[in-house]
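> what follows is a protein structure lacking sequence information:
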């Protein structure tokens, strides 16, 4: 698989096999991703690899908070407070694709809630990756960490592993930092589900579309 094929084949997977991921594969993926560029080579990313009993404990705490109506308090604002098109429509269509694939009607509030709650279990993947950076870092480090995240996802493909990045896990930084022993002033960026894809799962059958290159590109000659 070449780089372009990897970029095209990478996608968000939301159902995984009940199969452990070998630690040596995780280490190899993170070692490869560490070659991602960063401003002045500061390499601001920090990674927590969470599995087993620790993952069960952590996801249980988060899901309980969510189901109690606590929507958390992320360390930074991921999405715009006021949505405008075309981004609003893309967001709506993305969610609708998933619910249509699962045959979850708009009026079925409980099934929609249950599906969203699966985010906080990393869709029952065997591994939950959590990404942090120090609070002293500025906006440029968000770009650096984004390049690191993409590198993790592409490297995972070499080991037949699937991923799904999850901004939703950043909603509960206090719970996550307390459980894992990270300082509360650390910035929790996001999470990522990692595991072997369940290729029979209906939720993994759809693909989100991409805009044509001409819609976001301008040439100046």
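Yep, it's here. Since the model is a prediction, treat every value here as computed from it, not as a measurement. Numbers count the residues shown, from 1 in each chain.

> count of neighbours near the closest residue to residue 111 other than its chain neighbours?
Sequence neighbours aside, residue 104 is the residue nearest to residue 111 in space, at 4.7 Å (criterion: CB to CB, 6 or more residues apart in numbering). All C-beta atoms are positioned from the backbone trio N, CA, C, and that covers glycine. Applying other CB atoms under 10 Å, we find 17 other residues in the vicinity of residue 104.

> now residue 53
Residue 53 has 7 nearby residues by other CB under 10 Å.

> what do you get for residue 17?
For residue 17, the tally of surrounding residues (other CB under 10 Å) stands at 16.

> how about the residue lying closest to it once chain neighbours are set aside, phi and psi?
Counting by CB to CB, 6+ apart, residue 196 is the residue found nearest to residue 17 once chain neighbours are left out, at 4.4 Å. Torsion angles at residue 196 (phi, psi; degrees, to the nearest 10) stand at phi -90, psi 130.

> same deal with the one 5 residues further on?
Residue 201 adopts backbone torsions of phi -70, psi 130, taken as degrees, to the nearest 10.

> quick revisit: surely the residue nearest to residue 111 meets residue 110?
No: taking contact to mean CB atoms under 8 Å, the distance of 9.6 Å between residue 104 and residue 110 leaves them out of contact.

> secondary structure element for residue 77?
Under the assignment given by DSSP states H and E, residue 77 is not contained in any helix or strand.

> what of residue 111?
Secondary-structure assignment from DSSP H and E places residue 111 in helix 109-117.

> one step back: and the residue nearest to residue 17, how far from residue 127?
Residue 196 sits 10 Å away from residue 127 when distances are taken as CB to CB, to the nearest Å.
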